[in-house]
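J.: Build me a model from this:
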Amino acid sequence: MTLWDVVPGIGKVVQTNDKQRFSFNEERTHIRANQGHSIEIDLGYASAIPPETLFHGTTQQFVEIISREGLRKMQRHHVHLHVDEEIGLTVGKRRGKPVLLKIRAIEMHQAGYEFFVTPNQVWLTDNVPVEYIDFP
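T.: I've put the predicted structure just below:
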C-alpha cells in the first residue's frame, strides 16, 4: 500500500504544488520536501555541474551584509539559487523590495565548490563567497 492510497489528496498536493516542493520515492511509500530543510537530513542528491550563471533573490536590507560576508545558508542546509531570474525576483519580493544577485556559479564550481540540483530545479550550495557575486 502506498501513501497515495492511504492519505487522500496527498498525490494532488505533490502534483499541483506551484513550486514542486515535494516528491515521492519511487514506490510512493515516502514523501519529502525537495529542499529547505532546517534539520540535518541526507537529501541524496548527486553533485552537479551548474550553469555559468545562477541567481539569488534577496531584499535591499540584506545587500550590505551579503557584500561583506557572501551568501550563507544560515538556518538552512544550503543556499538556494535559481536559473530563472524571475524566480529569483519572486523569492526576493517575499520580504520587501527585491534585489537580484547574479552568481558566477561555473567559476565557483571550477574553484572546487560543490553544487546540487533538486527535482524542481533549485540549485543548492553551502555558501557563495563575495568574490562570485555580481551586485546590481
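
J.: going forward, measure contacts and count neighbours with C-alpha atoms only.
T.: OK.

J.: what residue ranges in this protein score low on pLDDT?
T.: Regions of the chain meeting the criterion pLDDT under 70 cover residues 1-26, 28-43, 75.

J.: Which parts of it are strands?
T.: Per DSSP state E, the chain carries strands over the ranges 22-24, 31-33, 54-59, 71-72, 79-81, 98-103, 116-117, 123-125, 127-128, 133-134.

J.: could those strands go into JSON lines alongside distance to residue 48?
T.: Shown next, in JSON lines, are these (distance: least, Cα to Cα, whole Å):
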{"stretch": "strand 22-24", "distance to residue 48": "19"}
{"stretch": "strand 31-33", "distance to residue 48": "19"}
{"stretch": "strand 54-59", "distance to residue 48": "13"}
{"stretch": "strand 71-72", "distance to residue 48": "19"}
{"stretch": "strand 79-81", "distance to residue 48": "13"}
{"stretch": "strand 98-103", "distance to residue 48": "16"}
{"stretch": "strand 116-117", "distance to residue 48": "5"}
{"stretch": "strand 123-125", "distance to residue 48": "9"}
{"stretch": "strand 127-128", "distance to residue 48": "15"}
{"stretch": "strand 133-134", "distance to residue 48": "20"}
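
J.: Switch the ones you listed over to TSV; also include distance to residue 89 and mean neighbour count.
T.: Formatted as TSV, these follow (distance: least, Cα to Cα, whole Å; neighbours: other Cα atoms under 10 Å):
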stretch	distance to residue 89	mean neighbour count
strand 22-24	22	18
strand 31-33	22	14
strand 54-59	5	22
strand 71-72	16	20
strand 79-81	11	23
strand 98-103	6	22
strand 116-117	19	20
strand 123-125	15	23
strand 127-128	18	20
strand 133-134	15	17
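
J.: can you tell me which of these comes nearest to residue 44?
T.: Nearest to residue 44 among these is strand 116-117 (9.6 Å), distances taken as Cα to Cα.

J.: Identify the residues contacting the closest one?
T.: Contact partners of strand 116-117, identified using Cα atoms under 8 Å, 6 or more residues apart in numbering, comprise 45-50, 123-125.

J.: For those residues, which two are the farthest from each other?
T.: Farthest pair in the contacts of strand 116-117, by Cα to Cα: 45 and 50, 13.5 Å.
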